[in-house]
Each structure stands twice: as C-alpha cells, then as structure tokens.
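Visitor: Next one to model:
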Amino acid sequence: MRKSVAFLMQGDALALYWDALTLQRDALALYWDALALQGDALTLYRDALALQGDALALQGDALALQGIAFH
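Guide: Below you'll find the predicted structure:
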C-alpha cells in the first residue's frame with residue numbers, strides 16, 4: 001500500500017513539475033510579446049515625434065508665407 005501511495009505522490013509531483021514548466025514557457029512567451037509591443041510603441045512614438053517636427057516646420061513655413069504676404 002505504501003508503495004502505491006508513494007508512486008501516486010511521485011506522479012503528482014511530476015505533473016506539478018510539468019505544469020510549472022508549461023507556465024514558465026507561457027510566461028516567457030508573454031514576456032517576448034511584451035518586448036515586441038514595447039518596440040512597436042517606441043517606433044510609433046518616434047514616428048509621432050517626426051510628424052510633430054514636420055507639423056512645426058509647416059507651421060513655420062506658413063508663418064513665413066504669411067509674413068511675405070503682408071509686406
């Protein structure tokens with residue numbers, strides 16, 4: 001009887017170990033996804049800054065043209 005209980009406990013321990021490995025694998029996959037999303041967010045932020053710079057340049061050009069129109 002003791003051997004069968006020990007065998008069952010060993011099986012449970014092995015199942016828990018595999019569950020832990022699966023969770024670790026899933027956590028790593030989520031981590032890599034988060035890194036990829038962070039990279040995408042940084043790219044979008046860089047693009048937004050570039051667009052903001054372009055908008056400021058256009059605004060400066062518009063003001064310069066407006067100044068020429070009034071002279």
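
Visitor: Pull the contacting residues for Asp61.
Guide: For Asp61, no contacting residues are found, by CB atoms under 8 Å, 6 or more residues apart in numbering. Every C-beta, even on glycine, is put in place using the N, C-alpha and C of the backbone.

Visitor: give me the low-pLDDT residue ranges for the protein?
Guide: For the chain, applying pLDDT under 70 flags the ranges 1-3.

Visitor: Please repeat the previous calculation with a cut-off of 80.
Guide: Of all residues in the chain, those with pLDDT under 80 make up the ranges 1-3, 5-8, 71.

Visitor: Now do the helices for it: every range, in order, please.
Guide: Assigned by DSSP state H, the chain shows helices spanning 2-70.

Visitor: measure Leu49 to Trp18 for me?
Guide: According to CB to CB, to the nearest Å, Leu49 and Trp18 sit 47 Å apart.

Visitor: Same check on Phe70?
Guide: Computed with CB to CB, the distance linking Phe70 and Trp18 is 78 Å.

Visitor: out of the two, which sits in the busier spot?
Guide: Taking neighbours as other CB atoms under 10 Å, Phe70 and Trp18 compare with Trp18 leading, 10 against 6.

Visitor: Okay, the more buried one and Ala64: tell me how far apart.
Guide: Per CB to CB, Trp18 is found 69 Å from Ala64.
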